[in-house]
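Asks: curious how this folds, go ahead:
(chains A, B and C)
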Amino acid sequence: MIISNLLISWYLANKRELPWRQTKDPYTIWLSEVILQQTRIAQGTAYFIRFTKEFPTVFDLATANEDEVLKLWQGLGYYSRARNLHYTAKYIVNELNGVFPNSYKSLKKMKGIGDYTASAIASICFNEVQAVVDGNVYRVLSRYFNVKTAINSSRGIKEFKEIAQNIISKENPGLHNEAIMELGALICTPKNPNCGACPLSGSCLALKKNKIDSLPLKLKKTKIRTRYFNFLVVNINNQSTILEQRKENDIWKHLYQFPLVESNEELSHESILTSDNLEKLIQDKSLQLKLFNQNNIVHILTHQKILAKFWIINTKSDHKNAVEWNNVSNFAVPVIISNFLEKFR
DNA sequence: GATCCGTGGAG
DNA sequence: TCTCCAAGGAT
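Replies: Purely as a prediction, here's the structure:
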């Protein structure tokens, strides 16, 4: 039996009903693929519903402001996905007359669309024979063929794409791609895979050699940087506060936050009080500075550990960029800020 | 080509 | 508590 046929027939009998599986509209599929990059379906689904409701077509997305798009993306992480999504929507509308790219090659030229996403859209929407290789596919293929090449090495990336391309159905590439990913998600899971229910178990090499638990192989390289964030929560007459947008190429780019004093170590009450940032922010000799959280709030990112303190600054002196507290919720903020806001109010 | 970019859930 | 990692991509 051909692998592809086994995969597809298993898929047709066992697939989940997911909202993006009701369409082949390339814009909608694109939206779902980008939302689901490095994201669990349980987390991404609500965002997909909101995005398709708010921006039903690529024209709607292109017309929006980046701030609106980021606000809708808030909490999902990897915010460059949202910025690139918006950028590419504008590009398609303004430079391609709103005609969605319809081939792997043309899709891959779009910002934010890499090998995986181009293959997914091309195969699902345009029946192009391009194999997807995501985390699920790496797992299924490394086990089925007992491949020990590290999946995050440049050799591995190339090798697995070739294997995937070799076994893909020429008749139903989109269906095949969805099937192999679904198998990885439901049966060939990272831990405790359900080999007893797997349609490929009869010819799975890792299962035969009892190597399932050691595959796929992955090189680990975890360098975690620790940063100390001191947020200055200015409270002007209990009415308004000050927000600023993160501009640098850093985490949370283009999201909003309270003015920040960053350092590589703990900062004292005194050093915050006399910091240049604060003095530039408000000239008020009688301001009160109060620490909101005695212990650092720990926020873990993939390569960073943020230790955060929120300093409440009560003052009566107004500020030109003051934002009404009632209006703060309209700004896209990182989760660490929205968590604070919930506790603070 | 190694490193960076978020968040949350599972085990 | 800690580790892994989830429909990846850009630099």
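Asks: what residues sit buried inside the least confident helix or strand in chain A by mean pLDDT?
Replies: Taking all helices and strands of chain A together, the one with the lowest average confidence (mean pLDDT, DSSP states H and E) is helix A:276-281, at a mean of 88. If you call a residue buried by 16 or more other CB atoms under 10 Å, then helix A:276-281 has these buried ones: A:278, A:281. Glycine gets a C-beta too; all of them are placed from N, C-alpha and C.
Asks: same for it, what does it pack against?
Replies: In this structure, helix A:276-281 makes packing contacts with strand A:225-236, strand A:260-263, judged by 3 or more CB pairs under 8 Å, 6 or more residues apart in numbering; DSSP states H and E.
Asks: up against DNA strand B, what does the stretch 51-200 of chain A have?
Replies: Residues of the stretch 51-200 of chain A lying close to DNA strand B (CB under 7 Å from any atom of the strand) are A:75-80, A:152-154, A:191-192.
Asks: and for A:Ile272, the neighbour number?
Replies: Other residues near A:Ile272 number 19, with proximity taken as other CB atoms under 10 Å.
Asks: quick check, it in contact with A:Ile312.
Replies: No: under the contact definition of CB atoms under 8 Å, A:Ile272 does not touch A:Ile312, with a separation of 11.1 Å.
Asks: shared neighbours of these two, anything?
Replies: Both A:Ile272 and A:Ile312 are in contact with A:Leu289, where contact means CB atoms under 8 Å, 6 or more residues apart in numbering.
Asks: before we move on, the earlier item: just say which of the helices and strands packed on helix A:276-281 is most tucked in.
Replies: Of all the helices and strands packed on helix A:276-281, strand A:225-236 carries the top mean neighbour count, a mean of 19, counting by mean count of other CB atoms under 10 Å.
Asks: can I assume A:Ala42 sits in a helix?
Replies: Yes: remark: A:Ala42 belongs to a helix, assigned using DSSP: H, G, I helix; E, B strand; the rest coil.
Asks: so which residue of the stretch 1-150 of chain A comes closest to DNA strand B?
Replies: When CB to the nearest atom of the strand is the measure, the stretch 1-150 of chain A has its nearest residue to DNA strand B at A:Gly77, with 2.5 Å between them.
Asks: check what pLDDT that residue gets.
Replies: A:Gly77 carries a pLDDT value of 98.
Asks: what number of residues lie near the residue lying closest to it once chain neighbours are set aside?
Replies: Distances taken as CB to CB, 6 or more residues apart in numbering place A:Thr39 nearest to A:Gly77, at 7.5 Å, with adjacent residues excluded. Number of residues near A:Thr39 (other CB under 10 Å) recorded here: 16.
Asks: cool, and A:Leu7?
Replies: The number of residues packed near A:Leu7 is 26, by other CB under 10 Å.
Asks: so what touches the host helix or strand of A:Glu33?
Replies: Secondary-structure element containing A:Glu33, defined by DSSP states H and E: helix A:26-35. Surrounding helix A:26-35, the residues in contact under the criterion CB under 8 Å, 6+ apart are A:19-20, A:23, A:44, A:47-48, A:51-52, A:55, A:57-58, A:76, A:81, A:84-85, A:100-102, A:112-113, A:116-117, A:120-121, A:124-126.
Asks: anything in that helix near DNA strand B?
Replies: No: in terms of CB under 7 Å from any atom of the strand, no part of helix A:26-35 sits within range of DNA strand B; the closest distance is 9.5 Å.
Asks: quick one: the helices in the stretch 201-345 of chain A?
Replies: Secondary structure of the stretch 201-345 of chain A (DSSP state H, counting those that start in this stretch): helices located at A:205-208, A:269-273, A:276-281, A:335-344.
Asks: per-domain residue ranges of chain A.
Replies: Under automatic domain parsing, the residue ranges defining each domain of chain A are A:3-214, A:225-344.
Asks: can you list those in JSON lines and add distance to DNA strand C?
Replies: Output for the domains of chain A, formatted as JSON lines (distance: least, CB to the nearest atom of the strand, whole Å):
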{"stretch": "domain A:3-214", "distance to DNA strand C": "3"}
{"stretch": "domain A:225-344", "distance to DNA strand C": "6"}
